[in-house]
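Student: Below is the sequence, then the predicted model.
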Amino acid sequence: MDTINALLHNTNSLRNATILAGSRGLNNKISGVTVLEMSDLNEEGSSLLNLKQGEIVITSCNDIKENVEKQLQLIYALKQRKIAGIVLFYIGYVIKSLDYSVIALCDKLDLPLICPPNDPQISYASVMNDIMGLLMRKSEHESKKERTILKGIMELNQKQRSFSEGLKFFK
């Protein structure tokens, strides 16, 4: 599984992103990505319940852009669900000025808060594609390694080799 640090260094969309807070969480492992447009926890149908551990959440907090208390409530809820980090779009446009308490809370919780560059080429879709591509490459690499190990074990069995000879495939 890749980390946020790997994501920041190995993808085009987030290579020049700014880490606003939570830099101690850059080694958080990534399992997937979710777009969260309904960020007001009081809204019916909030997709928060669908979040899985290790996901990166992409949002602009448009529905709570002027409510710092709800932004803080959202961060606590995301941390409880053990997400890997937040990619917060449109700082300066949707949220005119991010309140320091939001940054401080993400720092306190070691929850990376990432702001992508203000570039029209960088969209939710480009970030999602980069994250999924990174995870797919990692998955393909792990599958190849597993196939190599299984092939080696099968060959050992066919050649009737010892258990100690088989251990070399797990190094």
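Tutor: Done, it's in.
Student: Pick out the residue nearest the middle of the protein.
Tutor: Most central in the chain under C-alpha atoms, centre = their mean is I56, positioned 3.0 Å from the mean C-alpha point.
Student: residues contacting that one?
Tutor: 4, 7, 30, 32-34, 83-87, 131 (C-beta atoms under 8 Å, 6 or more residues apart in numbering). Backbone N, C-alpha and C define where each C-beta goes, glycine included.
Student: Among these, name the ones in strands.
Tutor: Residues of those located in strands (DSSP state E): 32-34, 85-87.
Student: And the strands in this protein, which stretches?
Tutor: So, for the chain - with DSSP E - the strands run 18-21, 32-35, 55-59, 85-88, 113-115.
Student: okay if I get those strands as JSON lines plus mean pLDDT?
Tutor: Below are the strands of the chain laid out as JSON lines (pLDDT from 0 to 100):
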{"stretch": "strand 18-21", "mean pLDDT": "96"}
{"stretch": "strand 32-35", "mean pLDDT": "90"}
{"stretch": "strand 55-59", "mean pLDDT": "95"}
{"stretch": "strand 85-88", "mean pLDDT": "97"}
{"stretch": "strand 113-115", "mean pLDDT": "97"}
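Student: Deepest in the core, which of those strands is it.
Tutor: Comparing the strands of the chain by mean neighbour count (mean count of other C-beta atoms under 10 Å), strand 85-88 comes out on top with a mean of 26.
Student: hmm, back to that, export the ones in strands among the contacts of I56 as CSV, with columns for distance to Q71.
Tutor: Output for the ones in strands among the contacts of I56, formatted as CSV (distance: C-beta to C-beta, whole Å):
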residue, distance to Q71
G32, 23
V33, 20
T34, 17
G85, 16
I86, 11
V87, 15
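Student: Need the max-distance pair from the residues you listed.
Tutor: Greatest spatial distance among the ones in strands among the contacts of I56 (C-beta to C-beta): G32 and I86, at 13.9 Å.
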